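Student: need coordinates for the below:
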Amino acid sequence: MAQKLVTYFRDFLKEIRLTDNQVRELKTAHETLRKRLLEDEELSSIIETTFLQGSYRRATAIRPKNGKRSDVDIVVVTKLDKDEVTPDEALDVFEDFLEKYYEGKYRKQGRSWGIEMSHVDLDVVPTAAAELATTGILNNLLVSSDMDIMEMAEYGNIEKYYSERKLYEAFSELFAAEESSWKDDPLFIPDSKAQIWDKTHPLEQIRWTQEKNSNCNSHYVNVVKCIKWWRREKFPDSKPKSYPLEHLIGECCPDGIDSVAEGITRTLENIVTLYPNKPFLSDRGVPEHDVFGRVTEEEYNEFYATVCDAAILARNAYDADKPEEAAKLWRELLGNKFPVPESNKGVAFTKRESDSRNLSGGRFA
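Tutor: As a prediction, this is how the structure comes out:
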């Protein structure tokens, strides 16, 4: 009998996703920044819109550790022409603004400006002018919203769950519209080191994640968070991490999973089976980009060996005869944030095993 440990995983996810306070700090920081950008006398005339990208928006972020801050990426869609403006010039356009509002807190990065605040890191990512079709969808409130696309109410708040579910479905319909030629129209970000304008398609990454989560009965984003947490707990300095790891999980997580436990187990096993050697993984919306391009063969081989061991441990946990045995094994794999097994508690333990389709409730960031 498969051990889903639904409530154990629900409690575990509460411990590894962003806290309510961290979410509030992120919202305040990025809303203030976006408002300032759109109202700035110098910049407002060249800015089309702003929107969020990254793991915070895709609902796959995990709680920072060891003094690190929560972070969020803000894409600034500009009217700059990539054929007339160099990557360095595009980045430098923002320097006076940053000096005015974030003096001593900003730094120039290869493709963005980083802003370090007390509890939050912001990445300002300028992009060159998009085609009209893309600009139209970018100006849609569903895209520019500060909500992540799968933001749900906390477990048990049914009314808010369904109101936000409507937003989720509306977002899906927006992307599915036949006239949405945006799918073939990536944005361009400045690479100041390589001195090129590089393609990126954060909207397709968001859309793909939403569709995948739906196909996985709303368990996919939680599977991503759990495996990210395992990687950081056990091998914090190893690659792949961040989005490359998330992308690989997306390739290997089966559709139709009915629990987070199943998703973790089968995803790890699929990595072992499908990718014994470092793969070329095409980026969502930019197929010529290899998401694993910066991962070396040696780094991947080390990663693969850890996944082989993790897959065995996860399978043993999932197939364990007793829930308490399963919980012990999951705790060994995922670390001490996973709940301690409730051994010898009879009815109380059975209650923890009751199914809950609202496991996906709450912010998945």
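Student: check which helix or strand the residue positioned nearest the centre of the chain maps to.
Tutor: In the chain, the centroid-proximal residue (C-alpha atoms, centre = their mean) is residue 55; its distance is 2.3 Å. Following DSSP states H and E, one finds residue 55 within helix 54-58.
Student: run the chain-centre distance for that helix.
Tutor: What separates the centre of helix 54-58 from the centre of its chain is 4 Å, taken as C-alpha atoms, centre = their mean, to the nearest Å.
Student: got the phi/psi numbers for residue 47?
Tutor: phi -100, psi 130 (degrees, to the nearest 10).
Student: list the residues that contact it.
Tutor: Going by C-beta atoms under 8 Å, 6 or more residues apart in numbering, residue 47 touches 37-38, 76-79. All C-beta atoms are positioned from the backbone trio N, CA, C, and that covers glycine.
Student: got a list of contacts for stretch 254-271?
Tutor: With C-beta under 8 Å, 6+ apart, stretch 254-271 has contacts from 2-6, 9, 13, 212, 215-217, 219-220, 222-223, 226-227, 248-249, 252-253, 304, 307, 310-311, 314-315, 317-318, 326, 330, 359.
Student: swap in 7 Å and give it another go.
Tutor: 2-6, 9, 215-217, 219-220, 222-223, 226-227, 248-249, 252-253, 307, 310-311, 314-315, 318, 359 (C-beta atoms under 7 Å, 6 or more residues apart in numbering).
Student: what comes up buried for it?
Tutor: Buried residues in stretch 254-271, defined by neighbour count with 16 or more other C-beta atoms under 10 Å: 257, 259-271.
Student: can you show me the strands along the chain?
Tutor: Counting by DSSP state E, the chain has these strands, from start to end: 47-53, 70-78, 106-108, 113-116, 120-127, 187-191, 196-200, 282-283, 286-290.
Student: gap between the residue nearest to the centre of the chain and residue 309?
Tutor: 25 Å (C-beta to C-beta, to the nearest Å).
Student: before we move on, what about residue 14?
Tutor: 27 Å.
Student: and residue 67, by the same measure?
Tutor: Residue 67 is 29 Å from residue 309, by C-beta to C-beta.
Student: compare neighbour counts for the two and give me the winner.
Tutor: residue 309 (13 against 5; other C-beta atoms under 10 Å).
Student: tell me, what's the model's pLDDT at that one?
Tutor: With respect to pLDDT, residue 309 scores 97.
Student: against residue 195, how distant is it?
Tutor: Relative to residue 195, and taking C-beta to C-beta, residue 309 is found at 43 Å.
Student: residue 96 too?
Tutor: Counting by C-beta to C-beta, the gap from residue 96 to residue 195 is 22 Å.
Student: below-threshold pLDDT in the stretch 101-250 of the chain: ranges please.
Tutor: Residues of the stretch 101-250 of the chain that meet the criterion pLDDT under 70 lie in 130-135, 141-142, 144-168, 171-172, 175-184.
Student: how about 80 then?
Tutor: 129-185 (pLDDT under 80).
Student: okay, stretch 304-317 in CSV with CA atoms only?
Tutor: This file holds the C-alpha atoms of stretch 304-317, laid out as CSV (Å, rounded to 0.1, in the frame of the first residue of the first chain):
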residue,chain,number,x,y,z
TYR,A,304,23.1,11.9,-10.8
ALA,A,305,24.8,9.8,-8.1
THR,A,306,22.9,11.6,-5.3
VAL,A,307,19.6,11.2,-7.2
CYS,A,308,20.2,7.5,-7.5
ASP,A,309,20.5,7.2,-3.8
ALA,A,310,17.6,9.5,-3.1
ALA,A,311,15.3,7.6,-5.5
ILE,A,312,15.9,4.4,-3.6
LEU,A,313,15.1,6.0,-0.3
ALA,A,314,12.0,7.7,-1.6
ARG,A,315,10.7,4.4,-3.1
ASN,A,316,11.3,2.7,0.2
ALA,A,317,9.4,5.4,2.0
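Student: in it, which residues are buried?
Tutor: 307, 310-311, 313-317.
Student: dump the residues you listed to CSV, plus distance to residue 283.
Tutor: Listed next are the buried residues of stretch 304-317 as CSV, based on distance: C-beta to C-beta, whole Å:
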residue, distance to residue 283
307, 21
310, 25
311, 25
313, 31
314, 27
315, 30
316, 34
317, 32
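Student: among those residues, which are in helices?
Tutor: Cross-referencing the buried residues of stretch 304-317 against helices under DSSP state H gives 307, 310-311, 313-317.
Student: count of residues packed around residue 326?
Tutor: Residues within reach of residue 326, counting by other C-beta under 10 Å, total 24.
Student: tell me the pLDDT at it?
Tutor: The model's pLDDT for residue 326 equals 96.
Student: hang on, it packs against residue 319?
Tutor: No - contact criterion C-beta atoms under 7 Å: residue 326 and residue 319 do not qualify, at 8.3 Å.
Student: what's the burial count for the residue nearest to residue 45 when sequence neighbours are not counted?
Tutor: Of all residues not flanking residue 45 in the chain, residue 79 sits nearest, at 8.0 Å (C-beta to C-beta, 6 or more residues apart in numbering). Neighbour count for residue 79, taken as other C-beta under 10 Å: 12.
Student: repeat that for the one 3 residues further on.
Tutor: A total of 18 residues lie near residue 82 under the criterion other C-beta under 10 Å.
Student: kindly provide the distance from the closest residue in space to residue 38 that isn't next to it in sequence to residue 79.
Tutor: Spatial nearest neighbour of residue 38, excluding adjacent residues (C-beta to C-beta, 6+ apart): residue 44 at 5.8 Å. Residue 44 is 11 Å from residue 79, where distance means C-beta to C-beta.
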